[in-house]
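**Q** Build me a model:
(one chain, ligands or ions: 1)
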Amino acid sequence: MNVSEILVEIRPAWIRRVANSLARGAGVRENFQEQLERFYDLLVQAVQTGDPAWVDSVLYDWSSAPTQSDLREGQKNISAVLNRMVMMTYELAREDLTEQEALELLGTLLPIFTYALDKAAHYETETRVAFVSNELADMQGKLERLDRSKSSFISVAAHELKTPLTLIEGYTAMMRDIAKSDQSSQMDTLIDGVNNGIRRLRAIVDDMIDVSLIDNNLLSLNFQPVWLNHIFQLLRTEMIGSTAHRKQTFDLRPFPGSDQMLFADGERLYQAFRNILSNAIKYTPDGGKIIVDGRLLPGFIEVTIEDTGIGISTQDQEVIFAKFGQLGNASLHSSGKTKFKGGGPGLGLPISRGIVEAHGGAIWAESEGHDETQCPGSIFHVLLPLRTEPPDPKLARLFGVTKEKEATTE
Ligand code: ADP
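**A** Next comes the predicted model:
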């Protein structure tokens, strides 16, 4: 038999052996078989014409469309498949052919397989380079977006810092004039103005520091006994001026668990709820309503802060908690958005989320959408673990909470 005849003769056995050695599941084997039939056809063409390039097309397809090719999936790469083919050809030649036929077959096929291995390596490299370039382009896109949101953060923050600075400049200029003309009676008002500006600057700078602490996982909590109703009563007292000014109702409901002692960082929780409440006031028109309620869940307390304000669109409900996210979108920034006014560099909610998450809790917003005329309102949910023991063992001893446990283990 010449090589062409041998190839016809051994075809079914060759395909069966290679397919069996590559595949495990029967379904997959069928798919392999199809691919192998195609390869074999081209191999025969390559032998008949003496041109190994006949196998190029199938190698190219296997390397560029890995998902279409079970061969590639099953064996990870085409070189491994080709190596398996060489091995199976050796086996088959040894077992089923005469020595003369075996030598002839291998002498013809080996150069074609060598060529195919070389070609496959080349195609595979090309595919990987294309894949990596795509990844790089994706990464570059992400970096560019991050860079844009960082610059918008800088521009918003700079704008926020500039407003109180302008105030302070104005008041001090007036103070200088008054000092010259000696109308000292107006001095108190002017000093109040300067103090106001300084307070706003401090609040913004403090927020920036908190965001960087949260970002770097450096926010440390000072766990103390805390009562949520106490926190909200203090907040109501602090905000009574703003709500009265806006003719808003502040409905603080005595929800289950609000009078229960839990261990948390009271100051940080106050800050987190303060940000949410001041937003509720800010984004609710005059005469609106703010309701603080909650419920006890197994192991958790859920606090809800509901308002009758402008609401938040579904796609923004997650973005508003992302530090650079909401700043990247100028329309989401408070000072540019609603007639209800209010400023802030847009760091309030990211800080609230950082604080709540540092406690092991969760925070999310719920709203039917954003509509400044219909005012669908928003509900902010805060889920806090019902910690009845301080996490720090030293504190536990101080409050005597785990005494019994310690006594039994000692
Ligand atoms: P700031 O209010 O300073 O912009 P925040 O981080 O506190 O920053 O809030 C981010 C954004 O989330 C706000 O700009 C606003 O668009 C939206 N938002 C927050 N709370 C509410 C609310 N209760 N109702 C409607 N929109 C809100």
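**Q** got the buried residues for stretch 252-259?
**A** 255, 257, 258 (16 or more other C-beta atoms under 10 Å). C-beta here means a position set from N, CA and C on the backbone, and glycine is covered the same way.
**Q** same thing with stretch 121-128?
**A** 121, 123, 124, 127.
**Q** pretty sure residue 371 is in a strand, no?
**A** No: with DSSP: H, G, I helix; E, B strand; the rest coil as the criterion, residue 371 is located in coil rather than a strand.
**Q** What count of nearby residues applies to it?
**A** When neighbours are counted by other C-beta atoms under 10 Å, residue 371 registers 13.
**Q** quick one: the closest residue to it other than its chain neighbours and the ligand, what's the gap?
**A** Distance criterion C-beta to C-beta, 6 or more residues apart in numbering; nearest residue to residue 371, sequence neighbours excluded, is residue 311 at 5.9 Å. Note on residue 311: its distance to the ligand, by C-beta to the nearest ligand atom, to the nearest Å, is 6 Å.
**Q** Quick check: residues of the stretch 151-300 of the chain near the ligand?
**A** 275, 279, 280, 283 (C-beta under 6 Å from any ligand atom).
**Q** how far out from the middle of the chain is the helix or strand hosting the third one?
**A** So that's residue 280. Using DSSP states H and E, the element containing residue 280 is helix 266-282. The chain centroid and the centroid of helix 266-282 are separated by 24 Å under C-alpha atoms, centre = their mean, to the nearest Å.
**Q** From the contact counts, what lies against that helix?
**A** strand 224-227, helix 228-245, strand 289-297, strand 300-307, helix 348-358, strand 378-385 (3 or more C-beta pairs under 8 Å, 6 or more residues apart in numbering; DSSP states H and E).
**Q** Which strands and helices lie in contact with the host helix or strand of residue 210?
**A** Assigned by DSSP H and E, residue 210 falls within helix 187-215. Applying 3+ C-beta pairs under 8 Å, 6+ apart, one finds that helix 187-215 contacts helix 99-181, helix 348-358.
**Q** Please verify my assumption that residue 320 contacts residue 312.
**A** Yes: here residue 320 reaches residue 312: they are 6.5 Å apart, a contact under C-beta atoms under 8 Å.
**Q** mind showing which ranges of this structure have poor pLDDT?
**A** 23-31, 65-76, 182-184, 324-345, 392-410 (pLDDT under 70).
**Q** That one - how does it break down into domains?
**A** 3-143, 155-215, 224-395 (automatic domain parsing).
**Q** Would you mind finding the most buried of those?
**A** Scoring the domains of the chain by mean neighbour count under mean count of other C-beta atoms under 10 Å gives domain 224-395 as the most buried, with a mean of 18.
**Q** ok now that domain, how far from the chain's centre?
**A** Centroid displacement of domain 224-395 relative to its chain, using C-alpha atoms, centre = their mean, is 22 Å.
**Q** tell me the phi and psi of the residue most central in space within the chain?
**A** Computing the C-alpha centroid of the chain and ranking residues by C-alpha atoms, centre = their mean puts residue 322 first, at 9.2 Å. Torsion angles at residue 322 (phi, psi; degrees, to the nearest 10) stand at phi -90, psi 130.
**Q** so it makes contact with residue 350?
**A** Yes: in terms of C-beta under 8 Å, residue 322 counts as a neighbour of residue 350; the distance is 6.7 Å.
**Q** Quick one: closest of the helices and strands packed on helix 187-215 to residue 34.
**A** Nearest of the helices and strands packed on helix 187-215 to residue 34, taken as C-beta to C-beta: helix 99-181 at 18.4 Å.
**Q** rewinding a little: CSV for the helices and strands packed on helix 187-215, including distance to residue 6?
**A** Shown next, in CSV, are those (distance: least, C-beta to C-beta, whole Å):
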stretch, distance to residue 6
helix 99-181, 5
helix 348-358, 70
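**Q** Same question for residue 313, what's its three-state structure.
**A** Classification of residue 313 using three-state DSSP returns coil.
**Q** so what's it up against?
**A** 367, 369, 370 (C-beta atoms under 8 Å, 6 or more residues apart in numbering).
**Q** now those in a markdown table, with distance to residue 1?
**A** Shown next, in a markdown table, are those (distance: C-beta to C-beta, whole Å):
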| residue | distance to residue 1 |
| --- | --- |
| 367 | 80 |
| 369 | 78 |
| 370 | 80 |
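**Q** Turn those residues into a markdown table, columns for distance to the ligand.
**A** Output for the contacts of residue 313, formatted as a markdown table (distance: C-beta to the nearest ligand atom, whole Å):
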| residue | distance to the ligand |
| --- | --- |
| 367 | 7 |
| 369 | 11 |
| 370 | 7 |
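**Q** Quick check: of these, which lies closest to residue 10?
**A** Nearest to residue 10 among the contacts of residue 313: residue 369, at 69.5 Å, using C-beta to C-beta.
**Q** surely that closest one meets residue 316?
**A** No: checked against C-beta under 8 Å, the pair residue 369 and residue 316 is beyond contact range at 9.6 Å.
**Q** how close does residue 288 get to residue 263?
**A** Residue 288 sits 34 Å away from residue 263, going by C-beta to C-beta, to the nearest Å.
**Q** before we move on, what about residue 201?
**A** If you measure residue 201 against residue 263 using C-beta to C-beta, the figure is 34 Å.
**Q** ok, residue 248 - contacts?
**A** For residue 248, the contacting residues are 281, 284, 286, 287, 288, 289, 290, by C-beta under 8 Å, 6+ apart.
**Q** Specify the local secondary structure of the fourth one.
**A** Right, residue 287. Here residue 287 is recorded as coil under three-state DSSP.
**Q** Can you list phi and psi of it for me?
**A** When quoted as degrees, to the nearest 10, the phi and psi of residue 287 stand at phi 80, psi 0.
**Q** okay, the residues of the stretch 151-300 of the chain next to the ligand in a markdown table with distance to residue 104 next?
**A** Listed next are those as a markdown table, based on distance: C-beta to C-beta, whole Å:
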| residue | distance to residue 104 |
| --- | --- |
| 275 | 83 |
| 279 | 84 |
| 280 | 87 |
| 283 | 85 |
